[in-house]
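>>> Based on what follows, work out the 3D shape:
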Amino acid sequence: MDTPELWQFTSSHFNEKARWALDFKRVPHIRHSLIPGFHVATVKRMTGKTHVPVLKLDGNAISDSSKIIEALERVYPEPALYPADPDQRRRALELEDFYDEELGPYIRRWIFHVILPYPKFVRAAFVSHASPAAQLAQRAMSPLIGVVMRRQMDINPATAEVARSKTMAAMDGLERELQPSGYLVGDRFTVADLTAAALLSPLVRPPEFPYKAVAPLPEPLVKIRDAVSTHPAFRWTLQTYREHRGESAEVATEASAFRIKRDASRTATTGR
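Got it, this is the predicted structure:
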């Protein structure tokens, strides 16, 4: 089998979900980090769609983070993300679907409403891996890209407020779902925990998130994060990342090796 390849956005939470599954299972893989807006032609050639993540696995291009995890469970069954017990497996998949539908789109809309007025931060989050020429092109197009993103994700003050409420409701529900074990299903880490933690990462911003911000957080996002930092779901996400995120299984191509070295340098600098 050829080395699996993941087409991704570096800072996207659904992409983090697929990336985390690959890393958790220790599947060596190549990552292709795309630039939002400029990714469309590349992805459409592979899947006929326009969204990432996309995983090329055994000759097939798989779109959608849940389908990617399902395929990984078949090909790389250990360590398992699906519980062996049928009832627990059913519940873990129900929770994965719930967070995909009731958390992922809403936290994305809420956070983008907050950060889109700060194009420098958006570029740092999504484009810092790219070549200087690509960064310049994205910078020139950023006003148009912002307009398109607001339209595609239906971002405005009213929808952002609904998104905030839905995000907080999902966090409250997560608190209620937690078992005495500290996990969402049974007594071990499953796809439910991975999904919830990955999809909360844009708000929680765990230190273990693999792509570090190279620009200060916008002040409105800092205030929101501080306001929810005592929520049990927020603290649980930090703990889940700390205990289960692990190391990257990315195969270091020449381009990715440069990025890994650069990110390590930036992390050391910002850690002072």
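>>> and stretch 46-59, which residues are buried?
46, 51, 52, 53, 54, 55, 56, 57 (16 or more other Cβ atoms under 10 Å). C-betas here are computed from N, CA, C, even on glycine.
>>> Show me how this structure divides into domains.
5-80+249-270, 86-244 (automatic domain parsing).
>>> wait, what's in contact with residue 221?
By Cβ atoms under 8 Å, 6 or more residues apart in numbering, the residues touching residue 221 are 111, 114, 115.
>>> Hmm, which of the residues you listed is lowest in pLDDT?
Lowest-confidence member of these: residue 115, scoring 93 (pLDDT).
>>> Is it correct that residue 108 is in contact with residue 13?
Yes: using Cβ atoms under 8 Å, residue 108 is in contact with residue 13, at 6.8 Å.
>>> Those two: which is more packed in?
In terms of neighbours (other Cβ atoms under 10 Å), residue 13 is the more surrounded of residue 108 and residue 13; the figures are 22 against 19.
>>> which residue packs closest to the more buried one, ignoring adjacent ones?
residue 199 (4.9 Å; Cβ to Cβ, 6 or more residues apart in numbering).
>>> and the contacts of residue 221, which of them are in helices?
Mapping the contacts of residue 221 onto helices (DSSP state H) picks out 111, 114, 115.
>>> most neighbours, which of those residues?
Top of those by neighbour count (other Cβ under 10 Å): residue 114, with 23 neighbours.
>>> ok, now which ones touch that one?
With contact set as Cβ under 8 Å, 6+ apart, residue 114 has these partners: 160, 218, 220, 221, 224.
>>> Return the member of those nearest to residue 209.
Nearest to residue 209 out of the contacts of residue 114 is residue 221 (Cβ to Cβ; 14.3 Å).
>>> What distance do you get for the closest one to residue 241?
Per Cβ to Cβ, to the nearest Å, residue 221 is found 18 Å from residue 241.
>>> Now do the phi/psi pair for residue 183.
phi -110, psi 170 (degrees, to the nearest 10).
>>> do the same with residue 31
Given degrees, to the nearest 10, the pair of backbone angles that residue 31 has is phi -110, psi 140.
>>> ok, now the one 4 residues further on?
Summarising the backbone geometry of residue 35 under the convention degrees, to the nearest 10, its torsions are phi -100, psi 120.
>>> now residue 212
Dihedral angles (degrees, to the nearest 10) for residue 212: phi -80, psi 140.
>>> Quick one, grab the pLDDT at it.
Reading off the model, residue 212 has pLDDT 82.
>>> you'd agree residue 233 is in a helix?
Yes: counting by DSSP: H, G, I helix; E, B strand; the rest coil, residue 233 is found in a helix.
>>> How about it: what's its closest non-neighbour residue?
In space, residue 233 is closest to residue 171, 3.8 Å off (Cβ to Cβ, 6+ apart).
>>> lowest-confidence stretch among the domains of the chain?
Among the domains of the chain, domain 5-80+249-270 scores lowest, at a mean of 84.
>>> so how far is it off the chain centroid?
Offset of domain 5-80+249-270 from its chain centre (Cα atoms, centre = their mean, to the nearest Å): 10 Å.
>>> Identify, from the contacts of residue 221, the entry nearest to residue 203.
Nearest member of the contacts of residue 221 to residue 203, counting by Cβ to Cβ, is residue 111, at 6.5 Å.
>>> thought that closest one was touching residue 202?
Yes: checked against Cβ under 8 Å, the pair residue 111 and residue 202 is within contact range at 4.6 Å.
>>> Spell out the residue ranges of the helices in the chain.
Under DSSP H, the chain gives helices at 13-24, 40-47, 65-75, 86-102, 104-115, 119-126, 132-152, 157-177, 191-204, 219-228, 232-244, 254-270.
>>> For residue 184, find the nearest of those.
Across the helices of the chain, closest to residue 184 is helix 191-204 (Cβ to Cβ), at 4.2 Å.
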